[in-house]
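**Student:** Predicted coordinates and the sequence they were generated for:
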Amino acid sequence: MTETCCCGIQVGQTVPDFKLETFEPTKGDFGEISLEALKKNKKWTILFFYPAAFTFV
Amino acid sequence: MGAEVITVSADTKFVQLAWKLDEKMLKDVKYPMGSDPTGKIARMFGVYDENSGLSLRGTFIINPQGQLLNAEVNFYNMGRNIDELMRKFKANLHLSKHTAEGCPAKWKEEGDKTLKPSPKMVGKVFEAYEGK
């Protein structure tokens, strides 16, 4: 079992479950996403951080 | 593709909605846009900039078991290459099914040469890669 960590996770470690409020462009509505639910659905997760809206990606 | 891409910033979901509607470059964006106003998730991944309150351009691939497999962080002034992200994702998918293999730097897609590390390969990576 890999070690779980609270901050500055390293590659190879297990990511603690987290939740995010979202805007869902496909639905035009707000929603919520959780790592727990994604794992339950056997999904890979790609997190793509950017500094702020209205900046380039 | 079996992966959920989630974009994350410190903006509220309301700002993200406004940006999505306003910016023509985002017209084809279908990914959920995650809101991390406290920076909690950004801190978790080590991309929170305490001085600016913004997050650095970090990309992270997590497998269905919740294990972090890739981390890439760019400073504010450099964009990311989606082809490279796709390469990493495809390589992870391959490796998850072929656990004894390794994907070398030039691996691009399914069918490309992989390596199986073994004592015989030590000092002979070139030969293994060239199939000699």
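**Tutor:** Structure's in. What do you need?

**Student:** Would you mind giving both backbone torsions of the nearest residue to B:Lys88 once chain neighbours are set aside?
**Tutor:** What sits nearest to B:Lys88 in space, not counting adjacent residues and going by C-beta to C-beta, 6 or more residues apart in numbering or on different chains, is B:Asn70, at 5.1 Å. Heads up, the C-betas are built off the backbone N, CA and C, glycines and all. The phi and psi torsions at B:Asn70 (degrees, to the nearest 10) take the values phi -140, psi 150.

**Student:** now swap in the one 5 residues further on and tell me
**Tutor:** Main-chain torsions, B:Phe75, degrees, to the nearest 10: phi -70, psi 170.

**Student:** Surely it touches B:Leu56?
**Tutor:** Yes - in terms of C-beta atoms under 8 Å, B:Phe75 counts as a neighbour of B:Leu56; the distance is 6.6 Å.

**Student:** higher neighbour count, the two?
**Tutor:** Taking B:Phe75 and B:Leu56 together and counting by other C-beta atoms under 10 Å in any protein chain shown, B:Leu56 has the greater number of neighbours (18 against 9).

**Student:** For the more buried one, which non-adjacent residue is spatially closest?
**Tutor:** Counting by C-beta to C-beta, 6+ apart, the nearest residue to B:Leu56 once its immediate chain neighbours are dropped is B:Val47, at 4.4 Å.

**Student:** What number of residues are in the vicinity of the one you found?
**Tutor:** Other residues near B:Val47 come to 25 when the count uses other C-beta under 10 Å.

**Student:** which residues touch it?
**Tutor:** A:49, B:55-58, B:73 (C-beta atoms under 8 Å, 6 or more residues apart in numbering or on different chains).

**Student:** Check which residues of stretch B:46-58 are buried.
**Tutor:** Buried residues in stretch B:46-58, defined by neighbour count with 16 or more other C-beta atoms under 10 Å in any protein chain shown: B:46-48, B:54-58.

**Student:** Please apply the same query to stretch A:31-40.
**Tutor:** Buried residues in stretch A:31-40, counted by 16+ other C-beta under 10 Å: A:33, A:35, A:38-39.

**Student:** Let me have the residues you listed in TSV, extended by distance to B:Gly66 and secondary structure.
**Tutor:** As requested, these are arranged in TSV below (distance: C-beta to C-beta, whole Å; DSSP: H, G, I helix; E, B strand; the rest coil):
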residue	distance to B:Gly66	secondary structure
A:Ile33	14	strand
A:Leu35	6	helix
A:Leu38	9	helix
A:Lys39	5	helix
